[in-house]
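1. Using only what follows, build the 3D model:
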Amino acid sequence: MSYHLFTPYDHGGDNSTHPPGEGLFDPRRQTPRDLFQQLIISTLLGLGAFTSFCFLRPKWPQFYYARKIRIRNASSLPDLPPSLFGWMPALWRVTDAEILATAGLDAYVFLAFFKMAIKFLFVASILAGAVLAPVHSYFGSGNLRKEITGQVFGVAQTVLDGGEKKHLKPPKLDPAYLWVNLVFVYVFTGLAYYFLWDQTQEIVQVRQEYLGNQETVTSKTIKLSGIPEELRSEGTLKKYLEKLGIGKVENITICRQWKELDRLLDERQSTLRKLEEAHTVYHTAKKRPKDLAILQSEQSESLIADAHSDEEAQPLIEGVPRRPHNHGRPQLTKRYGKFKLKSKKVDAIDYLTFKLQKLDDKITEARRKEYRATPLAFVTMDSVSAAQIATQTLLDPTPGALIARQAPFPSGINWHNVYLSRTSRLWRGWSISISVTLLSVFWLIPVAALAGLWNMEEIRRIWPELADTVEANETLGSLVQTFLPTLVLTLLNVAVPYFYDWLSQYQGMISQEEVELSVISKNFFFTFFNLFLAFTVFGTAFTFHTFWETLKGSFKDTASIALLLANAVEGLGPFYVNLIILQGLGMFPLRLLQIDTVTLYPITKFGSKTPRDYAELVKPALFQYGFYLPQPILIYIICIVYSVLKRGVFILTFGLVYFVIGYFTYKYQLLYAMDHPRYSTGKAWPMIVYRVILGIVVFQLTMAGWLVLAQAFTRAGLVLPLLAFSLWSVWHYNHHYLPANYHIALKSIKSQQSDAVEGVDTLDREREEGQEFVNPSLVSPLENVWVTRGRPGEEDGTNSTGINW
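-> All right, here's what the predicted structure looks like:
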């Protein structure tokens, strides 16, 4: 067995044979030069991005100060100094109470995970460096200093002694050595659970105090599903619920089949934007001087238009005034007649204005109609206690009837999904979940195709000169073997979440809160499967045939997964070190710079035409936990898995750097730069807990398999109690902590106002200002056309069509 981080030491043997696929990229075959080069590239990339951010931050407040400027509750945050680095101490001094008051529970929970990871990695890296590293060195080459020097500066296979090149001695196997590993499996498992339960207890307490000491419309409202036919009226349902004795009912909104009304509002919004664009084009063209040829052409076409009286000269829609063709007014092509075979040009402003007026009439009429009720309703009780009692009790013994859940925020409800049947939701949910599972497996095929780009044989076949250059230059070869694989996988993990977010929007979920949590789950499954299992359990199976054979072999016997993990995981240490270095030192500063938003801004601005487009352009960028949370969880799991293994101190140390930089990056963005509209009141924490426990189980399985491969069967058997403890931990969390992550205890509601929220207008109150549980299609005002820089309706002069001039 090899105990060395980057490449097996040369013990003097001759290895002239090579396995099949030698030319393919293998994350296990890397040299110390690869680490050094990855460190240099990532550091330079990160320093460049960080310096740019510090320089541009005071100059571009629309990007880096957007949330504090435009979110009222964030204005209470301390102002950051405009100096290059003066903002960092000020950001450090922002307390958890200020995070809660200005960014909400979701931001607090997100940053709490980073704080927990920092605590564990700090303690674990000290223990690994002080105890495990010397032990590994003694039973490895015997010279820790020279090994570490070799890892950093590129001399790992041999060391120089008295000017002569000598091979490092082979590793020694001793039962005492394996006992140390077993002891630290227990130590690191205990540390991981200690920090996990400690942070869970803190989050539960803060959540109860935060939500229990504020009374909002959402905190008093329940989502009631499975309503029987006989109760699907506001009056009947109100009487039924009040007879149960859980409290008085203030308001009930029974969801109905509003599909027709929602379709009309969507069509109106689309027409409104087209009309605004047409007005913008027209008013822009009026400011341009016209030459004589255009004026003469307009006069000639006007005379011709007046002379026409055939069918094509008649208005396409009754009531649309005919207007001579004018080069200054935008035109659009409308098809009419049988099979829409005929077409003609019409004045865009007149046509769209008339269409908008017709839609307004239809919407007014549609709002007066009665629609068939659905089995879903939002019920607002007279107190928070009454709402919590309803959500934590069984209202009806009939399966699936009168199921009460805490209502989402009114602004986060997907009203287009409230009238979907339960069967439709279940069908959508299962079909998309199965699709995501299959896609996570078949994502390995494009990864295999990309891996072919690093196959020297393929490079030589396509571009022989490039292959000769790569083979002749060690630095370039190291770049191809180290930096490019981690970069491509990083970019893949940036792009795939957008696809999963799009899929989740069609899953039929009632709230954006559910969509957010679903995206977290999907993206974690993708990253865990493709970035961990694909490189460990399935090794370097970069061809579909090899991958399929490995997959079938591993599932024939589930016990073989632990042995495959143990056999592959230590050799893959270099790959994960390089990945953590790139993510922490290189990618986080780019994220702080908001490179995607800054890059797309000129393109988006170029495509903006109307005042509404420009107003949307200056909104804060969106922070979505489904995009940013799964990868840190995976990095934390990787750090735990490698904590006891040879050179685990490297992964623990770079993991600590990763989470420290990530904590400051996300703290700045959540407080000052980006907005998070999908609010879930901290419900992401249970997902974090379950996935961390999964990582601890993988760590224990890996170490059990590692000890079995070392013929230490007794010590491998002693890992089994830890697996049993992990299973008990899941039960313990479900019974003692999970209810407090979803509900508010009655004791918390009655408690005194806590110091964390006393006298503070929390973000929840700001979000709900003027909100109610009513479909906006029923009550929202029909906006006027916005063709000025002011908001619609702010201008004094408004014509008969409602247009602001």
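
2. Which residues are in contact with residue 763?
-> Applying CB atoms under 8 Å, 6 or more residues apart in numbering, one finds that residue 763 lies in contact with 73, 101-104. Yep, even glycine has a C-beta here, placed from its N, CA and C like the rest.

3. Return the list of helices and strands in contact with the helix or strand hosting residue 581.
-> Taking DSSP states H and E as the definition, one finds residue 581 inside helix 573-581. Helices and strands touching helix 573-581, by 3 or more CB pairs under 8 Å, 6 or more residues apart in numbering; DSSP states H and E, are helix 32-56, helix 484-505, helix 630-641, helix 648-668.

4. Among these, show the one with the smallest mean pLDDT.
-> Mean pLDDT is lowest for helix 484-505 among those, at a mean of 79.

5. I'd like to know which elements that helix is packed against.
-> helix 422-442, helix 444-452, helix 512-531, helix 573-581, helix 625-628.

6. roughly how far is it from the heart of the chain?
-> Centroid separation for helix 484-505 versus its chain: 10 Å, with CA atoms, centre = their mean, to the nearest Å.

7. what angle do it and helix 573-581 make?
-> 60 degrees (axes from the mean of the first three to the mean of the last three CA atoms, to 10 degrees).

8. So for helix 484-505, what gets flagged as buried?
-> 485-490, 492-493, 496-497, 500-501, 503-504 (16 or more other CB atoms under 10 Å).

9. circling back to that earlier point, just the helices and strands packed on helix 484-505: most buried one?
-> With neighbours defined as mean count of other CB atoms under 10 Å, the helices and strands packed on helix 484-505 peak in mean count at helix 573-581, which reaches a mean of 26.

10. for the helix or strand just after that helix, packing partners?
-> Downstream of helix 573-581, the first helix or strand assigned by DSSP H and E is helix 588-593. Packed against helix 588-593 by the contact rule (3+ CB pairs under 8 Å, 6+ apart) you find helix 32-56, helix 648-668.

11. The helix or strand harbouring residue 255 pairs with which strands, parallel or anti?
-> Element membership for residue 255, per DSSP H and E: strand 249-256. Using DSSP bridges, the strands paired with strand 249-256 are strand 373-381 (antiparallel).

12. which element follows the partner strand toward the C-terminus?
-> helix 384-391.

13. and that following helix, how far from the chain's centre?
-> That offset, for helix 384-391, works out to 31 Å (CA atoms, centre = their mean).

14. Could you list the residues in contact with whatever helix or strand comes next after that helix?
-> Remark: after helix 384-391, the chain's next helix or strand is strand 403-406, criterion DSSP H and E. Contacts of strand 403-406 from elsewhere in the structure, counted by CB under 8 Å, 6+ apart, are 218, 222-226, 387, 390-391, 393, 395, 742-743.

15. picking that back up, reformat the helices and strands packed on helix 588-593 as CSV; add distance to residue 596 and mean neighbour count.
-> Shown next, in CSV, are these (distance: least, CB to CB, whole Å; neighbours: other CB atoms under 10 Å):
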stretch, distance to residue 596, mean neighbour count
helix 32-56, 12, 18
helix 648-668, 14, 23
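
16. Quick check: mean pLDDT of stretch 97-115?
-> In the prediction, stretch 97-115 has an average pLDDT of 92.

17. hmm, who's touching it?
-> So stretch 97-115 is contacted by 73-74, 76-77, 96, 199, 202-203, 206-207, 210-211, 625, 628-629, 632-633, 659, 662-663, 666-667, 670-671, 676, 679-682, 684-685, 688, 755-757, 760-764 (CB under 8 Å, 6+ apart).

18. pLDDT on stretch 241-252, on average?
-> Stretch 241-252 comes out at a mean pLDDT of 91.

19. now stretch 686-702
-> 93.

20. wait, which of the helices and strands packed on helix 588-593 is closest to residue 427?
-> helix 648-668 (36.6 Å; CB to CB).

21. for the closest one, the distance to its chain's centre please.
-> 19 Å.

22. relative to helix 32-56, how tilted is it?
-> 20 degrees.

23. which residue sits closest to residue 366, ignoring its sequence neighbours?
-> Excluding the flanking residues, the one nearest residue 366 by CB to CB, 6 or more residues apart in numbering is residue 261, at 4.8 Å.

24. Surely that neighbour is in a helix?
-> Yes. Assessed by DSSP: H, G, I helix; E, B strand; the rest coil, residue 261 belongs to a helix.

25. follow-up on the earlier one: in helices only, show me the contacts of residue 763.
-> Among these, the members falling in helices are 101-104 (criterion: DSSP state H).

26. which among the buried residues of helix 484-505 gets closest to residue 650?
-> residue 486 (15.3 Å).

27. Now render the helices and strands packed on helix 588-593 as TSV, adding distance to residue 603.
-> Formatted as TSV, the helices and strands packed on helix 588-593 follow (distance: least, CB to CB, whole Å):
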stretch	distance to residue 603
helix 32-56	18
helix 648-668	24
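
28. Of all those, which one is nearest residue 696?
-> helix 648-668 (15.0 Å).

29. With just CA atoms, put the closest one into PDB.
-> Presented in PDB, the C-alpha positions along helix 648-668 are these (Å, rounded to 0.1, in the frame of the first residue of the first chain):
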ATOM      1  CA  GLY A 648      -4.700  14.500   5.700                       C
ATOM      2  CA  VAL A 649      -3.200  17.500   7.300                       C
ATOM      3  CA  PHE A 650      -2.800  19.100   3.800                       C
ATOM      4  CA  ILE A 651      -6.500  18.700   3.000                       C
ATOM      5  CA  LEU A 652      -7.600  19.900   6.500                       C
ATOM      6  CA  THR A 653      -5.300  23.000   6.300                       C
ATOM      7  CA  PHE A 654      -6.400  24.000   2.800                       C
ATOM      8  CA  GLY A 655     -10.000  23.200   3.800                       C
ATOM      9  CA  LEU A 656      -9.700  25.600   6.700                       C
ATOM     10  CA  VAL A 657      -8.400  28.300   4.300                       C
ATOM     11  CA  TYR A 658     -11.400  27.500   2.000                       C
ATOM     12  CA  PHE A 659     -14.000  28.100   4.700                       C
ATOM     13  CA  VAL A 660     -12.400  31.200   6.200                       C
ATOM     14  CA  ILE A 661     -12.300  32.900   2.800                       C
ATOM     15  CA  GLY A 662     -15.800  31.600   2.000                       C
ATOM     16  CA  TYR A 663     -17.200  32.900   5.300                       C
ATOM     17  CA  PHE A 664     -16.000  36.500   4.600                       C
ATOM     18  CA  THR A 665     -17.000  36.300   0.900                       C
ATOM     19  CA  TYR A 666     -20.600  35.200   1.600                       C
ATOM     20  CA  LYS A 667     -21.000  37.500   4.700                       C
ATOM     21  CA  TYR A 668     -20.200  40.500   2.500                       C
END
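
30. Show me which of the contacts of stretch 97-115 are buried.
-> 73-74, 77, 199, 203, 206-207, 210-211, 625, 628-629, 632-633, 659, 662-663, 666-667, 670-671, 676, 679-682, 684-685, 688, 756-757, 760, 762-764.

31. longest single helix anywhere in this structure?
-> helix 175-212.

32. So what's the gap between it and the chain middle?
-> In this view, helix 175-212 has its centroid 25 Å away from the chain centroid, taken as CA atoms, centre = their mean.

33. Would you mark the buried spots in it?
-> Neighbour count says helix 175-212 has 177-178, 180-182, 184-185, 187-189, 191-193, 195-197, 199-200, 203-204, 206-212 buried, by 16+ other CB under 10 Å.

34. again, but for stretch 352-371
-> Those buried within stretch 352-371 under the rule 16+ other CB under 10 Å are 352-356, 359, 363, 366, 371.

35. Please apply the same query to stretch 716-725.
-> Residues of stretch 716-725 classed as buried by neighbour count (16+ other CB under 10 Å): 716, 718-719, 722, 725.

36. cool, and stretch 234-243?
-> So stretch 234-243, judged by 16+ other CB under 10 Å, has buried residues 237-238, 240-241.

37. Now do it: distance to the chain's middle.
-> For stretch 234-243, the distance to the chain centre is 41 Å (CA atoms, centre = their mean).

38. what sits up against it?
-> 224, 227, 230-231, 248-249, 252, 254, 377, 379, 390.
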